[in-house]
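Visitor: sequence? don't have it. structure:
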């Protein structure tokens with residue numbers, strides 16, 4: 001999982017990426033390609 005300052009650039013890398021807020025953190029999840037997981041905060 002990548003830890004990134006700006007999550008917007010990672011979201012646009014794949015069209016299946018979803019932004020999820022959990023416990024004050026912002027995550028990017030991708031069910032078809034888990035390589036794109038990322039976290040901010």
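Guide: Sure thing, it's come through. Predicted, not measured: the structure shown is a model, and the values here were computed from it.
Visitor: Go ahead and flag the most central residue of this protein.
Guide: Centre of the chain computed as the mean C-alpha position; nearest residue by C-alpha atoms, centre = their mean is residue 28, 1.8 Å away.
Visitor: and that residue, what helix or strand is that in?
Guide: For residue 28, the host element (DSSP states H and E) is strand 25-29.
Visitor: Residues in contact with that strand: which ones?
Guide: If you take C-beta atoms under 8 Å, 6 or more residues apart in numbering as the criterion, strand 25-29 is touched by 7, 10-11, 17-21, 36-41. C-beta here means a position set from N, CA and C on the backbone, and glycine is covered the same way.
Visitor: how about the residue nearest to residue 30 when sequence neighbours are not counted, what does it touch?
Guide: Distance criterion C-beta to C-beta, 6 or more residues apart in numbering; nearest residue to residue 30, sequence neighbours excluded, is residue 36 at 4.2 Å. By C-beta under 8 Å, 6+ apart, the residues touching residue 36 are 10, 13, 14, 16, 17, 28, 30.
Visitor: distance of the residue located most distally from the centre of the chain from residue 14?
Guide: Residue farthest from the centre of the chain, counting by C-alpha atoms, centre = their mean, is residue 23 at 14.6 Å. Separation of residue 23 from residue 14 (C-beta to C-beta, to the nearest Å): 24 Å.
Visitor: what's the answer for residue 41, then?
Guide: 21 Å.
Visitor: Number of residues surrounding residue 9?
Guide: The tally of other residues near residue 9 (other C-beta atoms under 10 Å) stands at 10.
Visitor: what's the helix or strand for it?
Guide: Judged by DSSP H and E, residue 9 forms part of helix 8-11.
Visitor: Now do the buried residues in that helix.
Guide: Using 16 or more other C-beta atoms under 10 Å as the test for burial, helix 8-11 gives 10, 11.
Visitor: Helix or strand next in line after that helix, which one?
Guide: Counting by DSSP H and E, the element after helix 8-11 in chain order, helix or strand, is strand 18-22.
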